[in-house]
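K.L.:
The amino acid sequence is not available; the structure is as follows:
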């Protein structure tokens, strides 16, 4: 498949380890944040979201943390599996506005057996 | 429910030509947004349509345009193609405009301009 980004930062982890992917967002007015996973040759797939009135939200094997003070978002993946290998994007938007998502540059996660 | 579908999946055009890409949203979704993805610029918002009206537009030249039909299907058009228009064009749909509705993406159309 085509590469999503040729020079993305890469996080390499061993299968079974926990992964933490970080993202700095830009707009103080953003109040809704989303993590997407993109595998080669596919469109972004929704993973988890969080609103600005929360600082933590958990899903299945994933946790998103939001620090509004420093405009930082992180995605934690527990017990990382080979199928988690992909590019991960954070996205921000203003919930009261339009459906315009502002995406981060992305991080490539490589899971090694 | 079927996901977001985009046609064609791959397209090769030459400079100066024009191209039309199509997007069918998830059934019941009324908002369709378009994004351009390139290795250099990442994912960038093009425009959003809701109820056949363009509600928001990204920072792209007027060569990029779109429309939405009464069944919520959307098309985007790029005229006078340039080499830099080579990209993956992604369509996303959500139930409504704004708010915190999840946007679901299609597989994209890979456009190559020669």
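P.N.:
Yes, it's here. Just so it is clear, the structure is predicted and the values come from calculations on it, not from any experiment.
K.L.:
where's residue B:34 relative to chain A, distance?
P.N.:
Residue B:34 sits 11 Å away from chain A, going by CB to the nearest CB, to the nearest Å. (Each C-beta comes from the backbone N, C-alpha and C, glycine too.)
K.L.:
how deep is that residue tucked in, by neighbour count?
P.N.:
For residue B:34, the number of neighbouring residues by other CB atoms under 10 Å in any protein chain shown comes to 25.
K.L.:
And the residue most central in space within chain B, which helix or strand is it part of?
P.N.:
Centrality entry for chain B: nearest residue to the mean C-alpha point is residue B:34, 3.2 Å, by CA atoms, centre = their mean. Using DSSP states H and E, residue B:34 sits in strand B:31-38.
K.L.:
so whatever helix or strand comes next after that strand versus strand B:31-38, what angle?
P.N.:
Downstream of strand B:31-38, the first helix or strand assigned by DSSP H and E is strand B:42-50. Relative orientation of strand B:42-50 versus strand B:31-38 (axes from the mean of the first three to the mean of the last three CA atoms, to 10 degrees): 160 degrees.
K.L.:
Return the list of helices and strands in contact with strand B:42-50.
P.N.:
strand A:102-103, strand B:31-38, strand B:53-57, strand B:64-68, strand B:74-78 (3 or more CB pairs under 8 Å, 6 or more residues apart in numbering or on different chains; DSSP states H and E).
K.L.:
Which strand residues bridge the spatially closest residue to residue A:51 that is not a sequence neighbour?
P.N.:
Of all residues not flanking residue A:51 in the chain, residue A:32 sits nearest, at 5.6 Å (CB to CB, 6 or more residues apart in numbering or on different chains). Legend: beta-bridge partners of residue A:32 under DSSP bridges are residue A:51, residue A:93.
K.L.:
Also residue B:104?
P.N.:
Counting by DSSP bridges, residue B:104 is bridged to residue B:93.
K.L.:
hang on, isn't it packed against residue B:93?
P.N.:
Yes - counting by CB atoms under 8 Å, residue B:93 is a contact partner of residue B:104 at 5.8 Å.
K.L.:
And those two? Which one has more around it.
P.N.:
More crowded of residue B:104 and residue B:93, by other CB under 10 Å: residue B:93, with 29 against 20.
K.L.:
The more buried one and residue B:32 touch, don't they?
P.N.:
Yes - counting by CB under 8 Å, residue B:32 is a contact partner of residue B:93 at 5.3 Å.
K.L.:
Need the residues touching each of the two.
P.N.:
By CB atoms under 8 Å, 6 or more residues apart in numbering or on different chains, residue B:93 and residue B:32 have these common neighbours: B:23, B:25, B:72.
K.L.:
So which residues of chain A form strands?
P.N.:
A:10-14, A:19-24, A:32-38, A:45-51, A:56-58, A:62-67, A:72-77, A:86-93, A:102-103, A:107-112 (DSSP state E).
K.L.:
Give me the mean pLDDT for the longest one.
P.N.:
This points to strand A:86-93. Strand A:86-93 carries an average pLDDT of 95.
K.L.:
now do the shortest one
P.N.:
Model confidence over strand A:102-103 averages 94 on the pLDDT scale.
K.L.:
so does that strand get close to chain B?
P.N.:
Yes - residues of strand A:102-103 contacting chain B under CB under 8 Å from any CB of the partner chain: A:102-103.
K.L.:
thinking again about what came up before, which of the strands of chain A sits closest to residue B:10?
P.N.:
strand A:32-38 (17.5 Å; CB to CB).
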